[in-house]
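Asker: only the shape, not the letters, is given here:
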């Protein structure tokens, strides 16, 4: 079928009288071709330039298209008028969405029925902000909170849970849920050791379980039976559980599964009575031997969701041999660890992955390695497209040519946001160049500022300056002015020189 790549998205009506309401975002002009790594589009710009809103729009559009394709007799109307273009292999899909008429779908310029519409294999949204704007999906909604995002296409990996709470423990337990699910479907990503390597860890997780608080407290220290477990499920209140009430009811007829859950709970009691930890070890260099954890995770997860058991420590091992609870790691360590484990569990060939502000809590060194880590861990999923929104200039310094694009968001003099697909010559720029060219933030460390001032001073030092010399100075001074030179610190020794040059040549 071939790789997936988002080409462009235009929001607004073509025939509107107010052209400023039409906003076009171009993600790539490069032919699909043969790729050796995922395609990465980095959207970079200052705060309040609409990066997060764009990711939300992309999420809504592709999820609506999935519902439109698969729902019989259901009319879907998008929230925005748009024209979307993307490619899967050699086929180009052009989709026009209207808030009043629905969708018009074309493949290679020919109209097609919705049954013949090809979409990315799934849509994955990741954010570590507790105020992210991604919708929550089926992993975090209960029976009374179902929405159009409760489907197998959409995966929300944000910080919020079904009750809008957020915690590092929640991130890690969700990652383990996703890992177990991936193992059961034989989609386990064997590149996961790369994540541990970056964090200077051995590729091992030790998972401990303890007796829960609520229901387990009521049951005391006695061994339980299948009858006890069925009684607890029958007494559940669907309004107070984030696990779908219907899923619990299905368990009542799964005798084998309930017997496994009872067995695990009673084993845990025996361990705790002997003052030992009930523990599993997962070795990511050889995950196939972890059947005792992954193959029985359904029973373990059921007990956890019934509040009969809970996670104890989730331990990792540093290269120096030190063992520590990952929940006690730095926020950056937890973020890299949980986000990449979760991503590794849900991404497949031709996934569309949206990541909002991954630099949150990350050390600058990790920010600079972030793109490279994506390419290392997901190299085998080269048919996927990652779209990353950021205001960190460090992320832009390591984009590989041919398999990535850089889109800058800037505000013009009228406060309108301008989206520009940057040329490949920007790839490999230093962080200082990104600050200057994309964010218009000059510093004396910017090579351009330093070099330009030097050129002006060299020309200005001539005893006799020609008309051409003066024009050259004026051109360079205007270029300096376009980069918000006023932002330089007043104590900066270069600031005084630039101010004098602007005063003398800036108005010519």
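Answerer: Alright, I've got the coordinates. Being a predicted model, the structure only gives us computed values, none of them experimental.
Asker: what's the span of stretch 221-231, first residue to last?
Answerer: Taking Cα to Cα, to the nearest Å, stretch 221-231 runs 17 Å from one end to the other.
Asker: how about residues contacting it?
Answerer: The contact list for stretch 221-231 (Cβ atoms under 8 Å, 6 or more residues apart in numbering) reads 219, 252, 255, 258-259, 261-262, 265-266, 269, 273, 306, 308. C-beta here means a position set from N, CA and C on the backbone, and glycine is covered the same way.
Asker: again, 6 Å this time
Answerer: Stretch 221-231 has contacts (Cβ atoms under 6 Å, 6 or more residues apart in numbering) with 252, 258, 262, 265, 266.
Asker: cool, stretch 308-316 as well?
Answerer: If you take Cβ under 6 Å, 6+ apart as the criterion, stretch 308-316 is touched by 172-173, 201, 206-210, 212, 215-216, 265, 268, 303, 323, 325-326.
Asker: now swap in stretch 186-194 and tell me
Answerer: Residues outside stretch 186-194 that contact it (Cβ under 6 Å, 6+ apart): 182, 203, 284, 285, 287, 344, 376, 377.
Asker: what's the domain layout of the protein?
Answerer: Following automatic domain parsing, the chain resolves into domains at 4-164+349-429, 203-325, 447-505.
Asker: just send these back as JSON lines, with distance to residue 189, mean pLDDT and mean neighbour count too.
Answerer: Formatted as JSON lines, the domains of the chain follow (distance: least, Cβ to Cβ, whole Å; pLDDT from 0 to 100; neighbours: other Cβ atoms under 10 Å):
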{"stretch": "domain 4-164+349-429", "distance to residue 189": "7", "mean pLDDT": "84", "mean neighbour count": "17"}
{"stretch": "domain 203-325", "distance to residue 189": "9", "mean pLDDT": "76", "mean neighbour count": "15"}
{"stretch": "domain 447-505", "distance to residue 189": "40", "mean pLDDT": "75", "mean neighbour count": "14"}
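Asker: of all those domains, which lies closest to residue 195?
Answerer: Evaluated over those, closeness to residue 195 peaks at domain 4-164+349-429, with 6.3 Å, by Cβ to Cβ.
Asker: run the chain-centre distance for the closest one.
Answerer: Counting by Cα atoms, centre = their mean, to the nearest Å, domain 4-164+349-429 is centred 10 Å from the centre of its parent chain.
Asker: which helix or which strand is home to residue 227?
Answerer: Secondary structure from DSSP states H and E places residue 227 in helix 226-234.
Asker: distance from that helix to the middle of the chain?
Answerer: Mean-position distance between helix 226-234 and its chain equals 39 Å (Cα atoms, centre = their mean).
Asker: sorry, back to before: which among the contacts of stretch 186-194 gets closest to residue 417?
Answerer: The shortest approach to residue 417 among these belongs to residue 377, at 32.1 Å (Cβ to Cβ).
Asker: and that closest one, how far is that from residue 367?
Answerer: Going from residue 377 to residue 367 by Cβ to Cβ, to the nearest Å gives 16 Å.
Asker: now residue 342
Answerer: 19 Å.
Asker: now for the helix or strand hosting residue 456, which elements pack on it?
Answerer: Assigned by DSSP H and E, residue 456 falls within helix 447-460. Other elements packing on helix 447-460 under the criterion 3 or more Cβ pairs under 6 Å, 6 or more residues apart in numbering; DSSP states H and E are helix 467-482.
Asker: swap in 10 Å and give it another go.
Answerer: With contacts taken as 3 or more Cβ pairs under 10 Å, 6 or more residues apart in numbering; DSSP states H and E, helix 447-460 sits against helix 431-437, helix 467-482, helix 493-505.
Asker: circling back to that earlier point, in helices, which of the contacts of stretch 221-231 fall?
Answerer: In this view, the contacts of stretch 221-231 that belong to helices under DSSP state H are 258, 262, 265, 266.
Asker: got the contact list for the first one?
Answerer: Read that as residue 258. Residue 258 makes contact with 225, 226, 227, 229, 230, 233, 251, 252, 299, 302 under the criterion Cβ atoms under 10 Å, 6 or more residues apart in numbering.
Asker: next: the second one.
Answerer: If a contact means Cβ under 10 Å, 6+ apart, then residue 262 has 223, 224, 225, 226, 227, 228, 229, 299, 303, 308 as its contacts.
Asker: could I get those residues as a markdown table with distance to residue 461?
Answerer: Shown next, in a markdown table, are the contacts of residue 262 (distance: Cβ to Cβ, whole Å):
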| residue | distance to residue 461 |
| --- | --- |
| 223 | 92 |
| 224 | 89 |
| 225 | 94 |
| 226 | 92 |
| 227 | 95 |
| 228 | 91 |
| 229 | 88 |
| 299 | 81 |
| 303 | 80 |
| 308 | 82 |
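Asker: which single one of the residues you listed is nearest to residue 504?
Answerer: Nearest member of the contacts of residue 262 to residue 504, counting by Cβ to Cβ, is residue 303, at 77.5 Å.
Asker: ok, and the closest non-adjacent residue to the closest one?
Answerer: residue 309 (4.5 Å; Cβ to Cβ, 6 or more residues apart in numbering).
Asker: just to revisit the earlier point, which among the domains of the chain is found nearest to residue 332?
Answerer: Relative to residue 332, the nearest member of those by Cβ to Cβ is domain 4-164+349-429, separated by 4.8 Å.
Asker: now residue 353: which helix or strand?
Answerer: Judged by DSSP H and E, residue 353 forms part of strand 352-356.
Asker: what pairs with that strand, parallel or antiparallel?
Answerer: Strand 352-356 has the following strand partners under DSSP bridges: strand 123-127 (parallel), strand 385-390 (parallel).
Asker: same list (these) but as TSV, adding distance to residue 192.
Answerer: Shown next, in TSV, are the strands paired with strand 352-356 (distance: least, Cβ to Cβ, whole Å):
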stretch	distance to residue 192
strand 123-127	16
strand 385-390	17
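Asker: tell me which of those lies nearest to residue 77.
Answerer: Closest approach to residue 77 among the strands paired with strand 352-356 (Cβ to Cβ): strand 123-127, 19.2 Å.
Asker: quick check: can you name the pairing partners of whichever helix or strand comes after the closest one and their directions?
Answerer: On the C-terminal side of strand 123-127, the closest following helix or strand by DSSP H and E is strand 154-157. Strand 154-157 sits in its sheet next to strand 123-127 (parallel), going by DSSP bridges.
Asker: any idea which of the strands paired with strand 352-356 gets closest to residue 53?
Answerer: Ranking those by proximity to residue 53 (Cβ to Cβ) places strand 385-390 first, at 9.7 Å.
Asker: ok, which of the strands paired with strand 352-356 comes nearest residue 79?
Answerer: Residue 79 sits nearest to strand 123-127 of all the strands paired with strand 352-356, at 16.1 Å, using Cβ to Cβ.
Asker: before we move on, the earlier item: the contacts of residue 262: which two are farthest apart?
Answerer: Every pair of the contacts of residue 262 checked by Cβ to Cβ; the farthest is 227 and 299, at 16.7 Å.
Asker: in CSV, list the contacts of stretch 221-231 along with distance to residue 92.
Answerer: Formatted as CSV, those follow (distance: Cβ to Cβ, whole Å):
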residue, distance to residue 92
252, 50
258, 51
262, 55
265, 55
266, 59
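Asker: good, wrapping up.
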